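Asks: sequence first, then the predicted structure:
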Amino acid sequence: MVGQWEEEVDEEVVIRCYDDSRDRIQMGRVEKSCEIGHDQQTLLFTDTLGDPICRIRNSPFFIMLVAEVGNKLVGSIQGSVKPVEFHDKSVRVGYVLGLRVVPPYRRRGIGSILVRKLEEWFESHNADYAYMATQKDNEASLGLFVGKLGYVVFRNPAILVNPVNPGRGLKLPSNIGIRKLKVKEAESLYRRYVAATTEFFPEDINKILRNKLSIGTWLAYYNDDNTRSWAMLSVWDSSKVFKLRIERAPLSYLLLTKVSKIFGKFLSLLGLTAMPDLFTSFGFYFLYGVHSEGPLCGKLVRALCEHVHNMAASDDSGACKVVVVEVDKGSNGDDSLQRCIPHWKMLSCDDDMWCICR
């Protein structure tokens with residue numbers, strides 16, 4: 001997210017709802033000028049496949065606002081409202097997403113205006129809280145939300161990314177069984193085991209599991225285990241709504257990609273995963289709802305992640321090049337779950353910050 005507020009806007013700013021027939025072309029330019037940098041060297045471009053609101057369209061209530069100066073779009077913001085269980089209470093939360101202000105119009109208060117207007121929309125839809133995600137080194141975003149608008153940090157999840165080797169499956173342990181759950185089975189397990197331990201547990205979990213993007217939910221278990229250890233997770237195919245592309249990266253990343261492309265088949269014979277070409281548009285499988293029980297659950301979590309890798313690798317379209325998981329550290333900074341999930345450190349990040357405001 002971008003945008004600061006220190007200087008007053010010297011031109012009239014009009015905030016209105018996004019109009020697809022009128023604004024789509026200009027919105028593409030706004031997105032292009034505000035591409036996301038993972039750090040100072042890496043630039044990540046989001047291809048919305050012609051649908052600027054693709055990331056919120058599957059929410060129960062959503063909106064996109066744009067900031068206009070004259071006849072020019074200079075900023076935008078997206079939001080959605082969802083029913084969740086928060087601290088054992090049923091509440092509605094508004095999610096602030098995709099705050100954009102084009103570089104020439106930053107530091108003029110436009111970002112602050114967009115957020116305030118979105119918060120008004122949240123209130124009109126009976127939201128109890130607003131929350132947003134940013135990165136630890138995004139001083140502009142933290143200065144706006146935490147410094148000016150009263151948001152506080154409440155989560156620091158890690159985004160773990162693992163590359164997919166097309167056409168090459170991983171061998172799973174023979175003593176582990178994996179079964180796809182029916183939606184009602186998955187919903188029952190999530191409500192029984194996950195709801196009480198999750199900060200924002202979606203009340204409409206049944207709709208999420210039935211969403212057109214959902215591939216399914218899987219349960220892993222030992223074929224003969226008296227400890228009753230088990231693990232589960234669900235999968236969304238994000239490539240159906242948007243794709244990503246790296247446009248700039250460190251030299252080491254470029255070299256590794258080229259070497260992997262040249263020696264890809266040789267690496268596969270050695271049982272190694274090659275670096276996928278992320279400089280062309282790619283989709284990804286998003287793993288969510290990762291939960292495990294029992295003393296021997298670590299290997300079950302890994303087996304589930306490898307099972308999803310095999311699903312992605314066998315996809316004939318080749319659209320999915322990485323598997324993405326978002327995980328929180330447990331109590332006292334416990335990262336045991338994170339260690340069980342296969343990922344490449346150079347592709348992953350642990351600098352996300354979620355902030356909330358009543």
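Replies: Looks like it arrived, so ask away.
Asks: could you use CA atoms for every contact and neighbour count after this?
Replies: Noted.
Asks: quick one: low-confidence ranges for the chain?
Replies: For the chain, the stretches flagged by pLDDT under 70 are 1-10, 35-44, 167, 247-275, 318, 329-334.
Asks: residue 17 contacts residue 73, doesn't it?
Replies: No: the criterion here is Cα atoms under 8 Å, and residue 17 misses it with residue 73 at 11.7 Å.
Asks: need the residues touching each of those two.
Replies: residue 66 (Cα atoms under 8 Å, 6 or more residues apart in numbering).
Asks: higher neighbour count, the two?
Replies: residue 73 (20 against 14; other Cα atoms under 10 Å).
Asks: state which strand of this protein is the longest.
Replies: strand 72-86 (DSSP state E).
Asks: tell me what that strand is packed against?
Replies: Where contact means 3 or more Cα pairs under 8 Å, 6 or more residues apart in numbering; DSSP states H and E, strand 72-86 is packed against helix 20-33, strand 61-69, strand 89-101, helix 110-124, strand 201-202.
Asks: between those, which one is closest to residue 51.
Replies: helix 20-33 (8.1 Å; Cα to Cα).
Asks: centre of the chain to the longest strand of the chain, how far?
Replies: Taking Cα atoms, centre = their mean, to the nearest Å, the mean C-alpha location of strand 72-86 is offset from the chain mean by 15 Å.
Asks: how many degrees apart are that strand and strand 61-69 in direction?
Replies: Angle of strand 72-86 versus strand 61-69, following axes from the mean of the first three to the mean of the last three Cα atoms, to 10 degrees, is 150 degrees.
Asks: burial of the nearest residue to residue 172 once chain neighbours are set aside, as a residue count?
Replies: Spatial nearest neighbour of residue 172, excluding adjacent residues (Cα to Cα, 6 or more residues apart in numbering): residue 303 at 6.3 Å. Residue 303: 25 surrounding residues under other Cα under 10 Å.
Asks: distance check, residue 303 against residue 170.
Replies: To residue 170, residue 303 is 9 Å away according to Cα to Cα, to the nearest Å.
Asks: same question for residue 27.
Replies: 41 Å.
Asks: give me the more crowded residue out of the two.
Replies: Between residue 27 and residue 170, residue 27 has the larger neighbour count (other Cα under 10 Å), namely 19 against 15.
Asks: which residues touch that one?
Replies: 52, 73.
Asks: could you dump the helices and strands packed on strand 72-86 to CSV with distance to residue 183?
Replies: Shown next, in CSV, are those (distance: least, Cα to Cα, whole Å):
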stretch, distance to residue 183
helix 20-33, 34
strand 61-69, 23
strand 89-101, 22
helix 110-124, 30
strand 201-202, 15
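Asks: could you count how many residues lie near residue 115?
Replies: 22.
Asks: hang on, the residue nearest to residue 172 in a strand?
Replies: No: counting by DSSP: H, G, I helix; E, B strand; the rest coil, one finds residue 303 to be helix, located in no strand.
Asks: chain center to stretch 219-238: distance?
Replies: With Cα atoms, centre = their mean as the basis, the mean position of stretch 219-238 lies at 22 Å from the chain mean.
Asks: can you give me the buried ones in that stretch?
Replies: Taking 16 or more other Cα atoms under 10 Å as the neighbour-count basis, stretch 219-238 is seen to contain the buried residues 219-222, 229-238.
Asks: can you flag which of the residues you listed belong to strands?
Replies: Using DSSP E, the subset of the buried residues of stretch 219-238 located in strands is 219, 220, 221, 222, 230, 231, 232, 233, 234, 235, 236, 237.
Asks: would you turn those into CSV with distance to residue 142?
Replies: Shown next, in CSV, are these (distance: Cα to Cα, whole Å):
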residue, distance to residue 142
219, 39
220, 40
221, 42
222, 45
230, 39
231, 36
232, 34
233, 32
234, 31
235, 31
236, 30
237, 31
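Asks: next, the buried residues of stretch 123-136.
Replies: Result for stretch 123-136 [16+ other Cα under 10 Å]: buried residues 123, 125, 127, 128, 129, 130, 131, 132, 133, 134, 135.
Asks: go on, stretch 344-358?
Replies: 347, 348, 349, 350, 352, 353, 354, 355, 356, 357.
Asks: which residues outside it are in contact with it?
Replies: Contacts for stretch 344-358 (Cα under 8 Å, 6+ apart): 128-137, 145-146, 150-163.
Asks: at 7 Å what do you get?
Replies: 128-136, 150-162 (Cα atoms under 7 Å, 6 or more residues apart in numbering).
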